[in-house]
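Student: What follows is a protein structure lacking sequence information:
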């Protein structure tokens with residue numbers, strides 16, 4: 001019995017000693033990545049009452065930081081310059097045209113989910129806040145003349161309320177952004193290729209809370225594609 005006890009005790013002691021070492025190997029070490037990227041976007045504004053329009057093409061890009069806090073999960077924060085806005089649609093027989101560019105600094109803060117090793121499927125989703133830093137518009141002379149004539153005939157007519165001068169633009173926009181794509185890990189760094197969609201929750205113009213507001217809704221909708229290059233810091 002004594003000879004049997006000693007090996008059993010020895011095995012137990014060895015297993016107790018090995019268990020902490022194995023547990024330490026399972027502890028995930030955080031990973032920090034810094035990068036930069038850019039891409040193309042297509043934006044419009046959801047007006048209520050509606051305004052016929054198509055998507056306006058623009059560009060966006062900036063710097064990114066990604067921290068992997070545990071296996072398959074992390075966070076991504078970015079600061080991007082983005083050209084958003086809208087482009088109106090008119091009858092093909094007319095000489096009317098109008099587009100407006102809204103320049104924003106976008107700051108998304110997203111949860112990052114991934115699956116895979118060298119090639120990863122990625123999902124990013126979270127809130128975004130944006131700051132308006134400038135805007136410009138392009139209006140055809142034919143449309144400008146038509147608006148002047150209609151307003152001269154009826155000064156009280158509420159036409160062209162989406163054009164410059166009708167309302168001040170809000171300086172801050174906010175909403176939700178989500179993206180799916182692939183990450184490619186290489187010897188020179190990581191490349192994240194994503195398709196994204198931004199759903200604006202705020203209005204770019206005065207909302208229905210104002211008695212004089214014409215639009216009860218004027219929220220941004222943005223579809224974009226972005227390629228980001230990351231380098232691992234630790």
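Tutor: Arrived safely. Fair warning: this is a prediction, and the values are worked out from it, not measured in the lab. Residues are numbered from 1 along each chain as shown.
Student: Sketch out the strands for this structure, chain order is fine.
Tutor: Assigned by DSSP state E, the strands in the chain fall at 31-48, 53-54, 56-70, 73-88, 98-116, 119-139, 172-186, 189-200, 217-232.
Student: Run a quick neighbour tally on residue 58.
Tutor: Neighbours of residue 58 under the rule other CB atoms under 10 Å: 19. The C-beta positions use only the backbone N, C-alpha and C, and glycine is treated the same way.
Student: so what's it up against?
Tutor: Each residue near residue 58 by CB atoms under 8 Å, 6 or more residues apart in numbering is listed here: 40, 41, 42, 43, 82, 83, 84, 85, 101.
Student: quick one: low-confidence parts of the chain?
Tutor: 1-26, 158-159, 161, 164-167, 207-212 (pLDDT under 70).
Student: now do 90
Tutor: For the chain, residues meeting the criterion pLDDT under 90 lie at 1-29, 49, 92-94, 144-169, 205-216.
Student: can you list the strands of the chain in CSV and add distance to residue 162?
Tutor: Formatted as CSV, those follow (distance: least, CB to CB, whole Å):
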stretch, distance to residue 162
strand 31-48, 6
strand 53-54, 9
strand 56-70, 13
strand 73-88, 8
strand 98-116, 8
strand 119-139, 10
strand 172-186, 16
strand 189-200, 15
strand 217-232, 8
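Student: Nearest to residue 151 among these would be which one?
Tutor: With CB to CB, the closest approach to residue 151 among the strands of the chain belongs to strand 119-139: 14.1 Å.
Student: so that closest one versus strand 98-116, what angle?
Tutor: Angle, strand 119-139 to strand 98-116, by axes from the mean of the first three to the mean of the last three CA atoms, to 10 degrees: 170 degrees.
Student: how far off strand 172-186 does strand 119-139 point, in degrees?
Tutor: Between strand 119-139 and strand 172-186, the angle formed by their directions is 140 degrees, by the same axes, to 10 degrees.
Student: Could you give the separation of stretch 128-136 from the chain centroid?
Tutor: Mean-position distance between stretch 128-136 and its chain equals 13 Å (CA atoms, centre = their mean, to the nearest Å).
Student: buried sites along that stretch?
Tutor: By 16 or more other CB atoms under 10 Å, the buried positions in stretch 128-136 come out as 128, 130, 132.
Student: The closest residue to residue 28 other than its chain neighbours and residue 112: what is the separation?
Tutor: Counting by CB to CB, 6 or more residues apart in numbering, residue 28 lies nearest to residue 70, which is 5.0 Å off, once chain neighbours are set aside. Applying CB to CB, to the nearest Å, the value for residue 70 to residue 112 is 11 Å.
Student: higher neighbour count, those two?
Tutor: Between residue 70 and residue 112, residue 112 has the larger neighbour count (other CB under 10 Å), namely 22 against 11.
Student: How much space separates the residue nearest to residue 196 when sequence neighbours are not counted from residue 65?
Tutor: Among residues not flanking residue 196 along the chain, residue 179 sits closest, at 3.7 Å (CB to CB, 6+ apart). Distance from residue 179 to residue 65, counting by CB to CB: 16 Å.
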